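Asks: No sequence on hand, only this structure:
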């Protein structure tokens with residue numbers, strides 16, 4: 001059986017979402033660990049007056065690619081930026097680019113998504129579901145396509161307590177919902193959103209579940225796999241420990257705790273904190289594509305779903321997170337901290353609101369009053385309000401636990417699939 005680098009030898013790869021957190025790490029890992037890959041085409045939209053090539057050039061200058069720059073100085077020659085807008089008809093591709101991609105692409109990694117938990121239902125459906133439908137239709141025109149990898153989330157079906165490695169049918173037909181949202185005004189959409197998403201906490205998890213169903217129903221004869229990572233955090237080892245490019249979600253809250261700004265947080269001490277390093281997820285994605293590719297003629301053409309989670313094999317609870325955050329930042333204090341780190345997790349909502357007032361709002365108001373008296377611009381309440389919005393978005397995930405079946409992930413881990421993906 002061919003190894004993972006051998007599988008990618010001479011392959012042309014298409015990546016969506018390559019400028020995002022996981023997409024960057026995927027691009028770096030693919031080029032560094034599979035040097036025989038022929039070309040990576042990345043779909044990028046113009047943004048803030050920058051053309052796709054300019055955005056990619058700026059991205060490649062970040063520290064994430066330093067190791068790749070040393071090991072493969074000419075790696076940029078294998079990256080082609082393709083102007084695209086996934087929510088536009090035909091993905092916003094030019095006819096020339098469509099012809100190029102349909103004639104040469106061997107592997108597709110669909111990582112693009114809106115990850116804003118508070119996105120409007122219409123916008124979330126357009127990118128997470130509508131764009132996925134368009135990409136699937138485009139992929140079916142690719143003459144040399146071997147594998148299509150769809151990156152989802154382990155929380156797509158968070159309305160269930162036990163989540164198998166299968167695609168669950170949604171309560172509403174995605175195509176019909178997309179059509180209905182086209183004629184609804186924003187007020188009506190806002191009114192029906194809560195009823196539509198049901199027990200799910202936000203439009204992100206709802207539309208990611210919808211996207212999985214679309215992949216299952218509209219993939220045709222494509223060789224498809226779905227990867228569901230849980231809460232993706234900073235890198236474990238590759239390309240170096242601790243790399244992250246944003247402070248959304250838990251990472252931002254950890255920093256706020258280290259600064260002494262975050263003192264209370266709504267969470268269950270006994271709930272599993274299913275955190276997984278980004279480099280572990282990327283290794284799984286590359287290995288899953290390899291497995292589907294080398295077995296495409298020797299197994300039934302069914303969609304493989306991978307629950308890329310840690311809770312079943314290495315459970316870590318939010319109570320332990322609290323302890324380690326306090327210990328770490330007391331031993332390794334951050335510069336310009338607001339006060340001594342001492343975060344406490346509370347499951348009782350009434351107690352939590354009380355301590356928000358006592359340990360967040362009142363100190364922030366006092367600090368802003370001092371800033372005004374000394375002729376400075378007040379800023380602490382603005383920081384606290386932004387912190388509280390972030391806390392509300394993740395509160396659901398820090399207060400609940402799930403059980404994920406991980407048979408397919410274990411199959412990759414226990415076999416020889418990851419031998420060549422080991423950290424070096």
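Replies: Sure, I can see it. In this text, all values refer to a predicted model and were calculated from it rather than measured experimentally.

Asks: Would you mind splitting this structure into its domains for me?
Replies: If you go by automatic domain parsing, the domain ranges for the chain are 4-230+274-313+406-421, 239-272+316-401.

Asks: which one of those has the most crowded surroundings?
Replies: The highest mean neighbour count among the domains of the chain, using mean count of other Cβ atoms under 10 Å, belongs to domain 4-230+274-313+406-421: a mean of 19. (C-beta placed from N, C-alpha, C; glycine too.)

Asks: avg pLDDT for that domain?
Replies: What domain 4-230+274-313+406-421 shows for mean pLDDT is 93.

Asks: any idea how far residue 67 is from residue 237?
Replies: Remark: distance between residue 237 and residue 67 (Cβ to Cβ, to the nearest Å) = 11 Å.

Asks: and if you look at residue 119?
Replies: Using Cβ to Cβ, we find residue 119 at a distance of 34 Å from residue 67.

Asks: Repeat that for residue 154.
Replies: 28 Å.

Asks: Ok, residue 290 next?
Replies: For residue 290 relative to residue 67 (Cβ to Cβ), the value is 22 Å.

Asks: ditto for residue 216
Replies: 37 Å.

Asks: again with residue 356
Replies: 42 Å.

Asks: doesn't residue 202 make contact with residue 159?
Replies: No: between residue 159 and residue 202 there is no contact under Cβ atoms under 8 Å: 11.7 Å.

Asks: Would you map the strands across this structure?
Replies: In the chain, the segments counted as strands under DSSP state E are 12-16, 39-44, 79-83, 107-110, 147-151, 162-163, 224-229, 231-233, 264-266, 275-277, 304-308, 344-346, 403-404.

Asks: The second one pairs with which strands?
Replies: Right, the one you point to is strand 39-44. Take DSSP bridges as the rule and strand 39-44 pairs in its sheet with strand 12-16 (parallel), strand 79-83 (parallel).

Asks: One more: the last one?
Replies: Based on DSSP bridges, the strands next to strand 403-404 in the sheet, each with its direction, are strand 162-163 (parallel).

Asks: So what's the gap between the partner strand and the chain middle?
Replies: Strand 162-163 sits 20 Å away from the centroid of its parent chain (Cα atoms, centre = their mean, to the nearest Å).

Asks: Give me the contact list for that strand.
Replies: Applying Cβ atoms under 8 Å, 6 or more residues apart in numbering, the external contacts of strand 162-163 come out as 154, 157, 307, 402, 403, 404, 405.

Asks: can you tell me how far the nearest residue in space to the fifth one that is not next to it in sequence sits from residue 401?
Replies: The reference is to residue 403. Leaving aside its sequence neighbours, residue 403 sits nearest to residue 162 (Cβ to Cβ, 6 or more residues apart in numbering; 4.8 Å). Distance of residue 162 to residue 401, computed by Cβ to Cβ: 11 Å.

Asks: Now residue 21: closest residue in space, sequence neighbours ignored.
Replies: Spatially, and ignoring its direct neighbours in sequence, residue 21 is nearest to residue 245 (5.5 Å; Cβ to Cβ, 6+ apart).

Asks: what's the closest of the strands paired with strand 39-44 to residue 44?
Replies: Of all those, strand 79-83 sits nearest to residue 44, with 5.1 Å by Cβ to Cβ.

Asks: just to revisit the earlier point, okay if I get the strands of the chain as a markdown table plus distance to residue 183?
Replies: Compiled in a markdown table, those are given as follows (distance: least, Cβ to Cβ, whole Å):
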| stretch | distance to residue 183 |
| --- | --- |
| strand 12-16 | 28 |
| strand 39-44 | 29 |
| strand 79-83 | 30 |
| strand 107-110 | 28 |
| strand 147-151 | 28 |
| strand 162-163 | 34 |
| strand 224-229 | 31 |
| strand 231-233 | 36 |
| strand 264-266 | 38 |
| strand 275-277 | 40 |
| strand 304-308 | 34 |
| strand 344-346 | 44 |
| strand 403-404 | 38 |
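
Asks: between those strands, which one is nearest to residue 383?
Replies: Evaluated over the strands of the chain, closeness to residue 383 peaks at strand 264-266, with 15.2 Å, by Cβ to Cβ.

Asks: For the closest one, name the packing helices and strands.
Replies: Using 3 or more Cβ pairs under 8 Å, 6 or more residues apart in numbering; DSSP states H and E as the contact test, the elements touching strand 264-266 are strand 344-346, helix 349-356, helix 380-398.

Asks: For residue 328, which residues are in contact?
Replies: Residue 328 touches residue 258, counting by Cβ under 8 Å, 6+ apart.

Asks: on that earlier part again, so which of the strands of the chain comes closest to residue 365?
Replies: strand 264-266 (16.2 Å).

Asks: Residues touching the closest one, excluding its own?
Replies: With Cβ under 8 Å, 6+ apart as the test, strand 264-266 has contacts from 253, 257, 343-347, 349, 352, 355-356, 359-360, 391, 395, 398-399.

Asks: please redo it, this time with the cut-off set to 7 Å
Replies: With Cβ atoms under 7 Å, 6 or more residues apart in numbering as the test, strand 264-266 has contacts from 253, 343-346, 349, 352, 355-356, 359-360, 391, 395, 398-399.

Asks: Check stretch 330-345 too.
Replies: With Cβ under 7 Å, 6+ apart as the test, stretch 330-345 has contacts from 257-265, 267, 269, 318-319, 322, 325-326, 329.

Asks: just stretch 307-323 next, same as before
Replies: Contact with stretch 307-323 is made by 154, 163, 165, 227-230, 267-276, 281, 284, 343-345, 398, 404-406, 409, as judged by Cβ under 7 Å, 6+ apart.

Asks: from the middle of its chain, how far away would it be?
Replies: Centre-to-centre, stretch 307-323 and its host chain are 18 Å apart (Cα atoms, centre = their mean).
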